[in-house]
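let's see this in three dimensions:
(2 chains)
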Amino acid sequence: MLYREAGQFKASFAEDMQIFPIRQDRIAIGLLLAFAFFGIPLFASEYWFSAILIPFLIFALAALGLNILTGYCGQLSLGTAAFMAVGAYAAYNFQLRVEGIPILVSFVLAGFTAAAVGVLFGLPSLRIKGFYLAVATLAAQFFIVWVLTKFPWLSNNSSSGVISAQKIQILGFSFDTPVSKYLLVLGIVVVMALAAKNLARSGTGRAWMAVRDMDVAAQVIGIPLMHTKLTAFAVSSFYCGVAGALYAFCYLGSVEPDGFNLDLSFRILFMVIIGGVGTVLGSFLGAAFILLLPIFLDNTLLPTAHALGLPFSNATVSHIQFMVFGALIMFFLIVEPHGLARLWQITKEKLRLWPFPH
Amino acid sequence: MKRIALAVAAAATLAVGSIGTAHAQAKEQFFPILSYRVGPYGANGQSLFGGMIDYLQYVNMKGGVNGVMMTWEECETEYNNAKGVECYERLKGKAGANSAPVFPLSTGISYALIDKSAADKIPLAMVGYGRTDAVDGSVFPFAFTMVGTYQMQATAIVKYLKDQNKGSLAGKKIAYMYHDSAYGKEPIVALEAEARVNKFELVQIPVAHPGNEQGAQWLKVRQERPDYVIFWGWGVMNQTALKAAQKVGFPREKMIGSWWAGSEEDTVPAGDAAKGYMSATWNVAGKDVPLVADIEKVVYGAGKGNLSDKSKLGSILYNRGVSYGVLAVEAIRKAQEKYGKGKTMSGEQIAWAMENLDLNDAKLKALGATGLLPPIKTSCEDHEGSGKIKLQQWDGTKWVVKTDWIDGNRQLVHPLFKASAAQFAKDKGITPRDCKKAM
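Numbers count the residues shown, from 1 in each chain, chains lettered A, B, ... in the order given. Now for the predicted structure:
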């Protein structure tokens, strides 16, 4: 009843083309952002910032990066974690080796470095498709981690190969508390998500989707395949690179190449699949699902077991958590193969008709 | 959808949090235990954390530390850095300001917690693992690499080999085979320095995590024909290496593992192939240690033991877990001596105690812990406090200690720590405190 667009007329092209054409959506997203920027810092605890919100935003950004490549352009990639590693190590090295470089600039440069590496590993996509391409990007995953381990210069000859992220300072303000790091990450993620949304709606995005849906047809109508695929690789790796830099600087504080392993790549791929392939919202929903559900189960299973008097140990809870998590993934994939974002879309459509469906 | 999920999660966390605050009452010392009992290293974690928790239980059954009871909560990290950070943040909230030392038992998680624990003033115990340059307490006031570091251990092994070869290793070839992670890489600097000093040739052979495939590496061993293999493995990598060594015919007597590559979990699955294999250790195996025997009688007698598989009692890793418990509880006792007996200590007070710990042989004997730990005396300049190891050999059924305490090459290794810590301080903008004033 409340969610209805009756009476909202569009009088200009600009109004017709805005991201949220329905007023209620605009109000909701505005409220959500205001809540994220001003509400959450008021009452959330340190645990929420450091262990839940910051990783959630960073993984959402990485998932968004992969979604651009896999969801919008249809190129399956298993190298996401490696591109994140490139971003993390690049940001560290820019901070280390360029005197007085602003941290945001090194994040952007880290993104560009990752983009360059991404384009390099995107070259095989011009010849191979689907699962074969996935195997080719798998090479990126192993090669990049190997390079970071092999050349000590990249980790400033650290005896352990671990890099410790430098302090974050912007215009003399140092971001050292969890709240300030959260706000920094949130700001970056909001800007980049907006950019991704607009990119997807632009000519570039439509070219990606044309290639995804049928590359031969796209080529016939004059879309240059090489250019389109490589921009998708570049933009996607840029997002992953920035996510990796944030992962090192705002979340863990110190990272080693092994941390960016195939497991992480798979987790991000699952986020995209569960959240919704080819949607910006899906990246956020998927990250929330994959990241928060295990923590939620972990936090609730043990007290529940104690309350019921079941003799559960921590290890048992971990095993149960794996099982429940796996079962839920299968449930969602069977019920809604297009992901959580699609569920949300269906809900919206039903809401518009409610309470008088045809 | 997202907001609902957040709200539900928030409600759940609040509920959990309110249970947690019950722990933080007076007269209790809360241990945030970041354990791993599942995953690739779960078997090792069960013994280690089982030993540590059993000791805390034992202390409680004996009346606590001057009446202060030990409480703890476990959180499963699966040896995963991100999960470790989440667990740390979760348990930190429950511990409040009265946290006992955190033992992550993972080099990766320790690295991720260095900054956080310093900011929260919670002592981070990295006993036999973790960031080794934290030996320099002027830069790392809340991180404690107690008992020994990888570098000291590696140099002590070299010293042993030197003694075996009539005081000279010149012209020998030593292969260093390691887990290709922070854990395996840390000793390389020290070994390279030793190679220069003692004129032996060092061959480095990395093994990728998790290390259950080592065919190529042992082929290299066969080509290089080293006199010795120093072996820095962990988990499944260890038994694989022993079997592979048998296959290529490398004598196990010339293979010396680190203290994380020398437990029953490594040798028993390797069966026959493990016989003669040597490793470093700082604690003996077996139930002959009076403390371990007493734990079996008191804690397991009352049915309160933590191990589900009682046969692990008295294993190398179990006894090491007990030694962790001893270190933590003795630090709490020391802190109480200074800041008030029978009171709950803050993280800062325990950190002071860990920096001024003096566990000599007499004290260890009084605790019944002779053989579990070398004598330890820490200070602000030296968070390590010992750096001694023993070497043990697997005789096919049990670990037999072969040597007395062997000291690592302090003159060679500690300046390296100092330089590395200074670099860290520069990167992070930390002003090192003055150790003379810290007393």
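
by proximity to chain B, which residue of the stretch 101-250 of chain A wins?
residue A:160 (3.7 Å; Cβ to the nearest Cβ). C-beta: built from backbone N, CA, C; applies to glycine.

any weak-confidence spans in the chain?
Using chain A here. A:1, A:358 (pLDDT under 70).

nope, chain B please
For chain B, the ranges with pLDDT under 70 are B:1-26, B:438-439.

the lengthiest helix in it and chain A, are they touching?
Looking across chain B with DSSP state H, the single longest helix is helix B:316-339. No: Helix B:316-339 lies apart from chain A when judged by Cβ under 8 Å from any Cβ of the partner chain; the minimum separation is 15.2 Å.

buried residues, that helix. List them.
B:316-336, B:339 (16 or more other Cβ atoms under 10 Å in any protein chain shown).

so who does the residue of the stretch 251-358 of chain A found nearest chain B touch?
At 3.8 Å from chain B, residue A:315 is the closest residue in the stretch 251-358 of chain A, using Cβ to the nearest Cβ. Neighbouring residues of residue A:315 by Cβ atoms under 8 Å, 6 or more residues apart in numbering or on different chains: B:37, B:38, B:42, B:46, B:76.

and the closest residue to residue B:62 other than its chain neighbours, how many neighbours does it have?
Distances taken as Cβ to Cβ, 6 or more residues apart in numbering or on different chains place residue B:298 nearest to residue B:62, at 7.5 Å, with adjacent residues excluded. Other residues within reach of residue B:298, judged by other Cβ atoms under 10 Å in any protein chain shown, total 16.

for residue A:197, same thing?
With other Cβ under 10 Å as criterion, residue A:197 counts 17.

kindly report the same for the one 10 residues further on.
Using other Cβ under 10 Å, residue A:207 has 23 other residues around it.

so what's it up against?
A:218, A:223, A:228.

quick one: the second one and residue A:217, what's the gap?
Okay, so that is residue A:223. 9 Å (Cβ to Cβ, to the nearest Å).

give me the common contacts of those two.
residue A:210.

quick one: which of the two has more around it?
Per other Cβ under 10 Å, whichever of residue A:223 and residue A:217 has more neighbours is residue A:223, with 17 against 11.

and the more buried one, which of the three is it?
Recorded secondary structure, residue A:223: coil (DSSP: H, G, I helix; E, B strand; the rest coil).

that older thread, would you turn the contacts of residue A:315 into JSON lines with distance to residue A:85 and neighbour count?
What follows is the contacts of residue A:315, written out as JSON lines (distance: Cβ to Cβ, whole Å; neighbours: other Cβ atoms under 10 Å in any protein chain shown):
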{"residue": "B:37", "distance to residue A:85": "29", "neighbour count": "25"}
{"residue": "B:38", "distance to residue A:85": "26", "neighbour count": "22"}
{"residue": "B:42", "distance to residue A:85": "26", "neighbour count": "17"}
{"residue": "B:46", "distance to residue A:85": "32", "neighbour count": "24"}
{"residue": "B:76", "distance to residue A:85": "26", "neighbour count": "27"}
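
these: which two are farthest apart?
Using Cβ to Cβ, those span at most 11.7 Å, a distance reached by B:46 and B:76.

list residues touching both of those two?
What both residue B:46 and residue B:76 touch, as defined by Cβ under 8 Å, 6+ apart, is the set A:315, B:37.

which residues sit in contact with residue B:230?
Contacts of residue B:230 by Cβ under 8 Å, 6+ apart are B:154, B:157, B:158, B:174, B:175, B:176, B:177, B:191, B:256.

should've said residue A:142
A:82, A:262.

which helix or strand contains it?
When elements are assigned from DSSP states H and E, residue A:142 belongs to helix A:130-150.

show me which residues of that helix are buried.
A:133, A:134, A:136, A:137, A:138, A:140, A:141, A:144, A:145, A:147, A:148, A:149.

want to throw these into TSV with distance to residue B:381?
Shown next, in TSV, are those (distance: Cβ to Cβ, whole Å):
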residue	distance to residue B:381
A:133	56
A:134	53
A:136	53
A:137	49
A:138	48
A:140	45
A:141	43
A:144	40
A:145	37
A:147	38
A:148	33
A:149	32
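
show me the two of those that sit farthest apart.
Longest span within those, Cβ to Cβ: A:133 and A:149, 25.1 Å.

so how far is chain A from residue B:104?
With distances taken as Cβ to the nearest Cβ, to the nearest Å, residue B:104 is found 13 Å from chain A.

am I right that that residue is in contact with residue B:110?
Yes: the pair formed by residue B:104 and residue B:110 meets the contact definition of Cβ atoms under 8 Å, at 5.1 Å.

are there residues contacting both of these two? Which ones?
B:124, B:126, B:130.

out of the residues you listed, flag the one nearest to chain A.
Distances from chain A to the shared contacts of residue B:104 and residue B:110, taken by Cβ to the nearest Cβ, are shortest for residue B:130, at 9.8 Å.

quick check: chain neighbours aside, which residue is closest to that closest one?
residue B:110 (3.6 Å).

with residue A:290 instead?
residue A:271 is the one closest to residue A:290 (Cβ to Cβ, 6+ apart), at 4.8 Å.

what angle sits between whichever helix or strand that neighbour is part of and helix A:130-150?
Element membership for residue A:271, per DSSP H and E: helix A:262-275. Put simply, helix A:262-275 runs at 140 degrees to helix A:130-150, going by axes from the mean of the first three to the mean of the last three Cα atoms, to 10 degrees.

now do helix A:262-275: everything it contacts.
A:59-60, A:62-63, A:66-67, A:70-71, A:77-82, A:84, A:138, A:141-142, A:281-287, A:289-291, A:329, A:332-333, A:339-341.

try 7 Å this time
For helix A:262-275, contacts defined as Cβ atoms under 7 Å, 6 or more residues apart in numbering or on different chains pick out A:59, A:62-63, A:66-67, A:70-71, A:78-81, A:141, A:282-283, A:285-287, A:289-290, A:329, A:332, A:339-341.

work out the gap between that helix and the centre of the chain.
Computed by Cα atoms, centre = their mean, to the nearest Å, the chain-centroid distance of helix A:262-275 equals 9 Å.

following element in sequence after that helix, please.
Per DSSP H and E, the helix or strand that comes after helix A:262-275 is helix A:280-307.

which residues of the stretch 51-200 of chain A fall in helices?
Using DSSP state H, counting those that start in this stretch, the helices of the stretch 51-200 of chain A run over A:54-66, A:80-97, A:103-122, A:130-150, A:178-201.

distance to residue B:95 added to those, as CSV?
CSV is the format used below for the helices of the stretch 51-200 of chain A (distance: least, Cβ to Cβ, whole Å):
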stretch, distance to residue B:95
helix A:54-66, 21
helix A:80-97, 30
helix A:103-122, 32
helix A:130-150, 35
helix A:178-201, 17
